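J.: fold the following and give me the result.
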Amino acid sequence: MKTIRLTMSQALLKFLDQQYLSVDGEEIKFVQGVMGIFGHGNVTGLGEALEREAGELTFLQGKSEQGMVHAAAAFAKQKNRRQIFACTSSIGPGALNMVTGAATATVNRIPVLLLPGDNFASRQPDPVLQQLEVPSDYSISATDAFKPVSKFWDRIVRPEQLMSSLLQAMRVLTDPVETGAVTLALPQDVQAEAYDYPASFFEKRVQYLDRRPAAPDAIDRAVNLVMNKKKPLIIAGGGVHYAGAAKELLAFAEACGIPVAETQAGKSAVPWDHPLSLGGVGTTGTLAANRIAAEADLIIGVGTRFSDFTTASKWAFQNPDVAFLNLNVSAFDAVKMDAVVVTADAKEAIAALQEALTARGYRSGYSSLHISSLKTEWDHEVDRLYALESDEGLTQTRAVGVINGFVESTDVVVCAAGSLPGDLHRVWRTVEPKTYHMEYGFSCMGYEVSGAFGAALAEPERNVYAFVGDGSYIMLHSEFVTAIQEGVKLTVLLFDNHGFQCIHNLQRGHGSDGFGNEFRFRSKETGRLNGSYMPIDFAAHARSLGAASYTARTAEELEQALQLAKAEPGPVLVEIKVLPGTNTDGYESWWHVGVPEVSVSGKVLKAHEQMRKNVKAARPY
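T.: Here you go, the predicted structure:
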């Protein structure tokens, strides 16, 4: 048997460089490269291998371990999980900084490969700098923290262990059901140890993403359910995009006359102006979608995990006869809401269901007038929000409207947290699939700028816009520097509303007078953070990093700034000064948060009673 003597790190890269994914007969190079920040624990092992033995893998220098994992996840998401970047860090704090990114990827079912450095396997020297010591279990290190947020975890304590571990890692990374963060903890001494690896281990390997067909019996059960329902509603989730099933979904809806609502991950599956498109559903949903959801007697979930925002905390579906039919490649997600289950690839399941229902002559009981009247009412409301003016300054919905009117139909918008996801889910008008990139599984503050960088890496031919609040930007904007370094064009749209206004609104909506969520100076009179707003110049900050920047305080200034930003060759930031509290809210939805049962505030007690009523009206499982 022919062998090649390599360090474990060199072998790891050589293997990753030969991984391919085959989807519908098309082979794609799966691992594009490695994002990394070096320190002791990876610089002399994996770092040396990347310097001299990287093959065709690209190395990108991260600026925050969390940020680079978000960028890698966003890259994979925009690529429909068909290509990835790996991420490497040092031990200790460098590794632990990736844990939040790992959880974000896993919650969203996005593949990322994490390669944190680890303690010496030999335990010499011991303890090493930044080593976590647990007296009761000396085998534990900082990288054990990745276990609950990873879909596969291993620690490579001998170089030959790499082979079996990598085969399992690739299985998980390319499986649409199992995928998420994969963590291989790499002790720093083992990274540099050599082994005679079989040459065959480094030959080209092709992983096959075979579409899983729907079982005929499952389709029969689904058809029997649908045939007895008059008012079905399709809820399109992220699985529609990952399966490339947007066209099939729309054809199914048209053939059966079923309106379509979208989750945050599913948005852009259907054009906003299609007669059957109701837009976002649930807590951040449109009035049209939420009213149809309330009266529907059947919910057909396609590729959705039914988060509490999608279901309005299981309160959205008020018809006492409502049933659920879930088409999902994952049985774990398919059984939610006590549904009739079709476990299959979304494209395969939709086609099979449409064929069977068409053969039975099924059409929903909706009148076209009913759906169109709800759509027209909502379209007028969006127009009103887009035109909303205030003598005090620029409203947030007006700013979103200006941007929506400016961008091209193929441009990509990226967002994750704060009040902007609610606004975008409700009022952003999408035309083309994969133009709405929302991380709302974890709604991780700080994803926005890093995510935009990852999306721009994935599709450099498109314009990419990061929608980010000032709170999220302050938390994490590290990969904006990487975008500047790499010359990757993206536009950061920074909505400055003086703090964490989304949570401020949630707080006040449940009886609070507002506490600790705005960026204000501490008042000498009250001793609290309720003095004047902090004057932060975000445009100047962006310029200090080397990016172009503009500031807009009016709709006219925003239109001009967008034009100038588009003409810039590199990364640019547009600082948009918006009035706090001018975001969207409500529209016959609800979100279950714990409201105190005992309080000195009558407003809090009133909010608690309303919560109790809504809990009683929600589905129990």
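J.: walk me through the domains of the protein.
T.: In terms of domains, the chain is parsed into 3-208, 216-374, 387-498+534-577 (source: automatic domain parsing).
J.: helix, strand or coil for Val414?
T.: For Val414, the secondary-structure state derived from DSSP: H, G, I helix; E, B strand; the rest coil is strand.
J.: Provide the backbone phi and psi angles at Gly25.
T.: Note on Gly25: backbone dihedrals following degrees, to the nearest 10 are phi 90, psi 0.
J.: break down the stretch 1-150 of the chain into its strands, ranges please.
T.: 3-7, 19-23, 26-29, 31-36, 58-61, 84-89, 112-118 (DSSP state E, counting those that start in this stretch).
J.: each with direction, which strands does the longest one pair with?
T.: This points to strand 112-118. strand 84-89 (parallel), strand 181-187 (parallel) (DSSP bridges).
J.: so which of the strands of the stretch 1-150 of the chain comes closest to Asn583?
T.: strand 112-118 (30.8 Å; C-beta to C-beta). C-beta coordinates here come from the backbone N, C-alpha and C atoms, glycine included.
J.: okay, buried residues for stretch 399-415 please.
T.: Judged by neighbour count (16 or more other C-beta atoms under 10 Å), stretch 399-415 contains these buried residues: 399-404, 406-407, 411-415.
J.: which one of those residues sits closest to Asp210?
T.: Val412 (28.7 Å).
J.: lowest-scoring secondary structure element of the protein by mean pLDDT?
T.: helix 501-508 (a mean of 90; mean pLDDT, DSSP states H and E).
J.: return the distance of that helix from the chain's centre.
T.: The chain centroid and the centroid of helix 501-508 are separated by 22 Å under C-alpha atoms, centre = their mean, to the nearest Å.
J.: run through who's touching it.
T.: 417-419, 422, 469, 471, 514-515, 517-518, 580-581, 583, 585, 593 (C-beta atoms under 8 Å, 6 or more residues apart in numbering).
J.: so which bits of that helix are buried?
T.: Neighbour-count burial for helix 501-508 [16+ other C-beta under 10 Å]: Gln501, Cys502, His504, Asn505, Leu506, Gln507.
J.: CA atoms only: put the following helix or strand past that helix into PDB for me.
T.: Sequence order places helix 538-545 as the next helix or strand after helix 501-508, per DSSP states H and E. Taking C-alpha atoms only, helix 538-545 is exported to PDB below (Å, rounded to 0.1, in the frame of the first residue of the first chain):
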ATOM      1  CA  PHE A 538     -20.700  55.500  12.900                       C
ATOM      2  CA  ALA A 539     -19.800  56.900   9.500                       C
ATOM      3  CA  ALA A 540     -16.500  58.300  11.000                       C
ATOM      4  CA  HIS A 541     -15.800  54.900  12.500                       C
ATOM      5  CA  ALA A 542     -16.200  53.200   9.200                       C
ATOM      6  CA  ARG A 543     -13.900  55.700   7.600                       C
ATOM      7  CA  SER A 544     -11.300  55.000  10.300                       C
ATOM      8  CA  LEU A 545     -11.300  51.400   9.200                       C
END
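J.: what's helix 538-545 packed up against?
T.: Judged by 3 or more C-beta pairs under 8 Å, 6 or more residues apart in numbering; DSSP states H and E, helix 538-545 is in contact with helix 478-486, strand 491-496, strand 548-552, strand 572-577.
J.: quick check: buried residues in that helix?
T.: Applying 16+ other C-beta under 10 Å to helix 538-545 flags Phe538, Ala539, His541, Ala542 as buried.
J.: tell me the angle it makes with strand 548-552.
T.: Going by axes from the mean of the first three to the mean of the last three C-alpha atoms, to 10 degrees, helix 538-545 is angled at 180 degrees with respect to strand 548-552.
J.: okay, angle between helix 538-545 and strand 572-577 too, please.
T.: 160 degrees.
J.: now helix 538-545 and strand 491-496, what's the angle there?
T.: Computed by the same axes, to 10 degrees, the angle separating helix 538-545 from strand 491-496 equals 140 degrees.
J.: I'd like the numbering to begin with 38 instead of 1 from here.
T.: OK, 38 is where the count begins now, so the last one is helix 575-582.
J.: any idea of the mean pLDDT for helix 575-582?
T.: Helix 575-582 shows a mean pLDDT of 98.
J.: and the contacts of that helix?
T.: Against helix 575-582 from outside (C-beta under 8 Å, 6+ apart): 507, 510, 517-518, 521, 529, 531, 533, 585-588, 609-610, 612.
J.: quick one: which of those residues is nearest Arg559?
T.: So of these, ranked by how close each gets to Arg559 (C-beta to C-beta), first place is Asp507, at 18.5 Å.
J.: pretty sure that closest one sits against Asn534.
T.: Yes. At 6.6 Å, Asp507 counts as touching Asn534 under the criterion of C-beta atoms under 8 Å.
J.: surely Cys645 and Glu634 touch.
T.: Actually, residue 645 is His. It isn't Cys. Yes. Contact criterion C-beta under 8 Å: His645 and Glu634 qualify, at 5.6 Å.
J.: have a look at those two and say which one is more surrounded.
T.: Neighbour count, other C-beta atoms under 10 Å: between His645 and Glu634, His645 has more, with 17 against 11.
J.: any idea which element that one lies in?
T.: helix 639-654.
J.: okay, angle between that helix and helix 538-545 too, please.
T.: 90 degrees.
J.: counting contacts, what elements does helix 639-654 pack onto?
T.: Secondary elements touching helix 639-654 (3+ C-beta pairs under 8 Å, 6+ apart): none.
J.: what about the stretch 388-537 of the chain, any weak spots by pLDDT?
T.: Counting by pLDDT under 70, the stretch 388-537 of the chain contains no low-confidence residues.
J.: how about the strands in it?
T.: Using DSSP E, counting those that start in this stretch, the strands of the stretch 388-537 of the chain run over residues 449-452, 473-475, 501-506, 528-533.
J.: CSV for these, including distance to Gly639?
T.: Converted to CSV, the strands of the stretch 388-537 of the chain look like this (distance: least, C-beta to C-beta, whole Å):
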stretch, distance to Gly639
strand 449-452, 36
strand 473-475, 37
strand 501-506, 31
strand 528-533, 33
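J.: Glu197: which of those is closest?
T.: strand 473-475 (40.2 Å).
J.: residues touching the closest one, excluding its own?
T.: 111, 114-115, 301-302, 304-305, 449-453, 458, 461-462, 465, 467, 488, 492.
J.: out of the domains of the chain, the one nearest Arg649 is which?
T.: Among those, domain 253-411 sits nearest to Arg649 (C-beta to C-beta), with 12.4 Å.
J.: gap between the two ends of the closest one?
T.: Counting by C-alpha to C-alpha, to the nearest Å, you get 36 Å between the two ends of domain 253-411.
J.: ditto for stretch 50-67
T.: 13 Å.
J.: and it, how far from the chain's centre?
T.: On C-alpha atoms, centre = their mean, the centre of stretch 50-67 falls 24 Å from the chain's centre.
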